[in-house]
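K.L.:
Give me the fold of what follows.
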Amino acid sequence: MAAYRGEEEYDYLFKLVLIGDSGVGKSNLLSRFTRNEFNLESKSTIGVEFATKTLNIDSKVVKAQIWDTCFDSVKYRAITSAYYRGAVGALLVYDVTRHSTFENASRWLKELRDHTDPNIVVMLIGNKSDLRHLIAVPTDDGKSFAERESLYFMETSALEATNVENAFTEVLTQIYRIVSKRAVEAGDNSDTSAVPSKGQTINVKEDSSVLKRFGCCSN
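P.N.:
Residues are numbered from 1 along each chain as shown. Down below sits the predicted model:
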């Protein structure tokens, strides 16, 4: 019989960030993955919101700390560095019914790469795939952009819960594989909260205090 683990016990803690234009469904992707909830009346996030979810990957307990925010307001631009700090994975989200949100993906990707480790795992997400009659961004366009930028790619529907679990789990699994490989190469399995890169450790535990400083936000 497996030993009981307390709620706060985990082998790895990975920080993920959700990025993309306002209104693409980032908050509903977060709530669908972490609480299996969807809110049709969801409003744009103001400030910073985060949630956690624990899952098992290769018999290891992986805790995901997922951050969601809105940078549309000049007021919140000041927290950009704090938001990205320590992130080892990202979901870059656009709305398949609004081509402008797809066009802006390049800008979001540049900002992400300017503020994070070059080895961060990124998945491009085409959300709202349930609105098939309103599709403005063909699947092949999303795939092409992802291939060009070396990103993973999925189309999701937070409303119908299509591919949401798969998208988050795939990102976390890829991060875990990077960490596991490097831990083996280093001959050290003790580091459970970071993706080592270029001789440095990225500690995601430190960022909980940042949330307390900036506060959280609405749905």
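K.L.:
Please spell out which residues along stretch 173-192 are buried.
P.N.:
Under the neighbour-count criterion of 16 or more other C-beta atoms under 10 Å, stretch 173-192 has 174-176, 178-179, 182-183, 192 buried. C-beta: built from backbone N, CA, C; applies to glycine.
K.L.:
Ok, stretch 90-105 next?
P.N.:
90-98, 101-102, 104-105.
K.L.:
And for it, what's in contact with it?
P.N.:
Stretch 90-105 is contacted by residues 16-21, 23-26, 29, 108-109, 112, 116, 120-129, 131, 134-137, 141-142, 145, 151, 155, 167-168, 171 when judged by C-beta atoms under 8 Å, 6 or more residues apart in numbering.
K.L.:
For the buried residues of stretch 90-105, work out which two are farthest apart.
P.N.:
Farthest-apart pair in those is Ala90 and Thr97; separation 22.1 Å (C-beta to C-beta).
K.L.:
Among the buried residues of stretch 90-105, pick out the one closest to Ile79, please.
P.N.:
Closest to Ile79, out of all of these and judged by C-beta to C-beta, is Ala90, at 16.1 Å.
K.L.:
Would you confirm that the closest one belongs to a strand?
P.N.:
Yes: assigned with DSSP: H, G, I helix; E, B strand; the rest coil, Ala90 falls within a strand.
K.L.:
do you know how far it is from Val184?
P.N.:
25 Å (C-beta to C-beta, to the nearest Å).
K.L.:
swap in Lys143?
P.N.:
Distance, Lys143 to Val184, by C-beta to C-beta: 32 Å.
K.L.:
ok, now which ones touch Phe38?
P.N.:
Phe38 neighbours (C-beta under 8 Å, 6+ apart): 28, 31-32, 158-159, 161.
K.L.:
Just the strands from this protein, written as ranges.
P.N.:
For the chain, the strands defined by DSSP state E occupy 12-19, 48-57, 60-69, 89-95, 121-127, 152-155.
K.L.:
what distance separates the fourth one from the centre of its chain?
P.N.:
The reference is to strand 89-95. Remark: strand 89-95 is offset 7 Å from the chain centroid, using C-alpha atoms, centre = their mean, to the nearest Å.
K.L.:
That one: partners in the sheet, and parallel or antiparallel?
P.N.:
strand 12-19 (parallel), strand 121-127 (parallel) (DSSP bridges).
K.L.:
Format those as TSV; extra columns: distance to Trp67, mean neighbour count and mean pLDDT.
P.N.:
As requested, those are exported to TSV (distance: least, C-beta to C-beta, whole Å; neighbours: other C-beta atoms under 10 Å; pLDDT from 0 to 100):
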stretch	distance to Trp67	mean neighbour count	mean pLDDT
strand 12-19	5	25	96
strand 121-127	14	27	98
